[in-house]
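S.K.: have a look; sequence and predicted model below, questions after that.
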Amino acid sequence: MEWRNTDERYGMLSAGLHWLMLLLIVAVYACIDLREMYPKGSDLREGLKIWHFMLGISVFLLVWIRILAHVVWPVPGTESVPPGWQEHLGTLMHVALYGLMIALPLLGWLTLGAEGKAIPFFGLQLPALIAEDKNLAGLFKEIHEIGGTAGYFLIGMHALAALFHHYFLRDKTLLRMLPTRT
């Protein structure tokens, strides 16, 4: 498998980032959902929140590399031209997913800054992007949570679309993102 995308399949960089980011996003969701199992103020609950922040910012940083790879290298073509509505829906889905990978971490970062809290990132303290403002913090947090809920739906639809292509249309859409067998 080549590093760069080809006309037939995604390269190791694009495919590797895709699957790495899936794992990071699963971990981001797991951290924030699992924290509810522990009492407020407990070390484990606070640790899960910190990991949620750090992994979310990791997604934010990596998405820019994915976008650059998408711009620089060709996107592999499909075997057959899908109907226009299907192509538009696929494009809209990808734009929404990329939008969430940018907006949700950014909203989380803004929320922490507006709450006057530290923004941890693997031993570093990132600067606040906004001055402390409790009203804005509440607004950013609410939008972040709504986006997070929408993310479950979008990720699920993306996975179902890949499985639909693989099992019903029997094309190579899913296979283009998987490692090749030698």
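M.R.: Happy to help now that I have it.

S.K.: could you measure from residue 108 over to residue 43?
M.R.: Taking CB to CB, to the nearest Å as the measure, residue 108 falls 21 Å from residue 43. All C-beta atoms are positioned from the backbone trio N, CA, C, and that covers glycine.

S.K.: show me which of those two is the more surrounded one.
M.R.: Neighbours were counted for residue 108 and for residue 43 using other CB atoms under 10 Å; residue 108 has more, 23 against 8.

S.K.: can you give me the pLDDT of the more buried one?
M.R.: Listed pLDDT for residue 108 reads 98.

S.K.: give the contact list for it.
M.R.: 52-53, 56-57, 144 (CB atoms under 8 Å, 6 or more residues apart in numbering).

S.K.: what helix or strand is it located in?
M.R.: helix 84-115 (DSSP states H and E).

S.K.: isn't residue 162 up against residue 173?
M.R.: Yes - the pair residue 162 and residue 173 passes the contact test of CB atoms under 8 Å, sitting 6.4 Å apart.

S.K.: which of the two has more neighbours?
M.R.: Neighbours were counted for residue 162 and for residue 173 using other CB under 10 Å; residue 173 has more, 19 against 15.

S.K.: on the three-state scheme, the closest residue to that one other than its chain neighbours is what?
M.R.: In this structure, residue 173 finds its nearest non-sequential neighbour in residue 165, 3.7 Å apart by CB to CB, 6 or more residues apart in numbering. At residue 165, secondary structure determined by DSSP: H, G, I helix; E, B strand; the rest coil is helix.
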